[in-house]
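Asker: pasting the sequence and the predicted model now:
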Amino acid sequence: MDSEKKYDKDGEYDSVPKNTINLGADIVIHSVHKTLPSMTQTSLVHISENEELSDKVKKYLRIYQTSSPSYVLMASIDLCMQEMEENGDCYIEALLDYRNRISYKTRSLKNIVIPGREMIDDPAKVVICDSSGTMTGKQIYGILREEYNLQLEMAGDKIALAILSGWDTTEGIDRLIEAVSELDEKIQKTKINTGTSVNDPICKKGFTEYPNVIMKLSEAWDRPTEETLLKEAKGKVAGDFINLYPPGIPLIVPGEEFSEELIQDICGYIEEDLNVQGVISEPSGTGFYVRTIK
């Protein structure tokens, strides 16, 4: 598929993102089961035009790859590639149409925000956020699943994420549009009844700055660690990864310093019952602990 191709579309989305290899990446693992018709666990390794790197990858594959691969999964990838070669343009056109339809139909909502291409350049990603702060991402996720039978991909502290594909249906897209529109009305009525107002919309808040790096990850990884009460970890150096899942991107990695702002963010995620990996909960109820360098 030509990721540089522009399609004749009226909406803001007229193409898919550029290929990451073309943007300078050396090696990329592309999943083919999220938005393409292939079985779960399937993905492709793309390597730049670097013969030395290619030889190195082959070397480690010979060491670590199984001698008994799943031919069912491999056949699934082959069929997926054949489908994209034969009908890829139709798939992308449908995807762009669906995404533009969502943007157009939800443009006048008062509380629910679905950022467009100026923030999210991937048409397959539909980020749903309550700008008033009335609902968390997890609450949006739960309501859409339980009340509207819409299964989203993930929920974060402030956003819920839906994944589109070219094999979705107009009926399904319209159900999503109707659901977020009704959710928007409910939030508006709640605000009117309670007289609440948010001056600093949650969707527009900035992110916590990256932690200060005290030592290289490779050096910190082999250092002895100890358990430290999370609320007392300010100024200490992380001895393990702490991830907010989904999406699983580390909030802090070994070798980085805990700041007061990061500690508050992590505590907030825990209070919202989000999945925070790398934080230890003591059975005695004495609090939450993290691993820090001794």
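Answerer: Looks like it came in fine. Residues are numbered from 1 along each chain as shown.

Asker: helices of the stretch 1-150 of the chain, start to end?
Answerer: 51-64, 71-105, 137-148 (DSSP state H, counting those that start in this stretch).

Asker: who wins for proximity to residue 117 among the ones you listed?
Answerer: Between residue 117 and those, the tightest spacing by C-beta to C-beta is seen for helix 71-105, at 8.2 Å. For glycine as for every other residue, the C-beta is placed from the backbone atoms N, C-alpha and C.

Asker: how near is the closest residue to residue 12 other than its chain neighbours to residue 249?
Answerer: Leaving aside its sequence neighbours, residue 12 sits nearest to residue 117 (C-beta to C-beta, 6 or more residues apart in numbering; 4.6 Å). Using C-beta to C-beta, to the nearest Å, we find residue 117 at a distance of 22 Å from residue 249.

Asker: tell me which of those two has more neighbours.
Answerer: Using other C-beta atoms under 10 Å, the more surrounded residue of residue 117 and residue 249 is residue 117, with 16 against 8.

Asker: what residues are up against that one?
Answerer: 12-13, 123 (C-beta atoms under 8 Å, 6 or more residues apart in numbering).

Asker: three-state assignment of the residue most central in space within the chain?
Answerer: Against the mean C-alpha coordinate of the chain, by C-alpha atoms, centre = their mean, the closest residue is residue 247 at 4.4 Å. When classified by DSSP: H, G, I helix; E, B strand; the rest coil, residue 247 comes out as coil.

Asker: what is the burial count for the closest residue to it other than its chain neighbours?
Answerer: Nearest residue to residue 247 in three dimensions, chain neighbours excluded: residue 154, at 6.5 Å (C-beta to C-beta, 6+ apart). Neighbours of residue 154 under the rule other C-beta under 10 Å: 17.

Asker: now do residue 260
Answerer: 11.

Asker: how about residue 94?
Answerer: By the criterion of other C-beta under 10 Å, residue 94 has 19 neighbours.

Asker: pretty sure it contacts residue 170?
Answerer: No - between residue 94 and residue 170 there is no contact under C-beta atoms under 8 Å: 9.3 Å.

Asker: wait, which of the contacts of residue 117 is closest to residue 164?
Answerer: Using C-beta to C-beta, residue 123 comes nearest to residue 164 of the contacts of residue 117, at 6.8 Å.

Asker: which ones are touching residue 135?
Answerer: Listed by C-beta under 8 Å, 6+ apart, the contact partners of residue 135 are 143, 183, 187.

Asker: pLDDT check: weakest of those?
Answerer: Confidence by pLDDT is poorest for residue 187 among these, given 90.

Asker: pretty sure that one sits in a helix.
Answerer: Yes - checked against three-state DSSP, residue 187 lies within a helix.

Asker: let me know whether it touches residue 109 as I believe.
Answerer: No - using C-beta under 8 Å, residue 187 is not in contact with residue 109, being 9.2 Å away.

Asker: the two - which one has more neighbours?
Answerer: Applying other C-beta under 10 Å to residue 187 and residue 109 shows that residue 187 carries more neighbours, namely 22 against 18.

Asker: now the more buried one, nearest residue through space, not along the chain?
Answerer: Distances taken as C-beta to C-beta, 6+ apart place residue 111 nearest to residue 187, at 4.3 Å, with adjacent residues excluded.

Asker: next, count neighbours for that neighbour.
Answerer: Look at residue 111: counted by other C-beta under 10 Å, it has 23 neighbours.

Asker: so how far is residue 134 from it?
Answerer: 7 Å.

Asker: between these two, what contacts are shared?
Answerer: Between them, residue 111 and residue 134 share the contacting residues 187, 191, judged by C-beta under 8 Å, 6+ apart.
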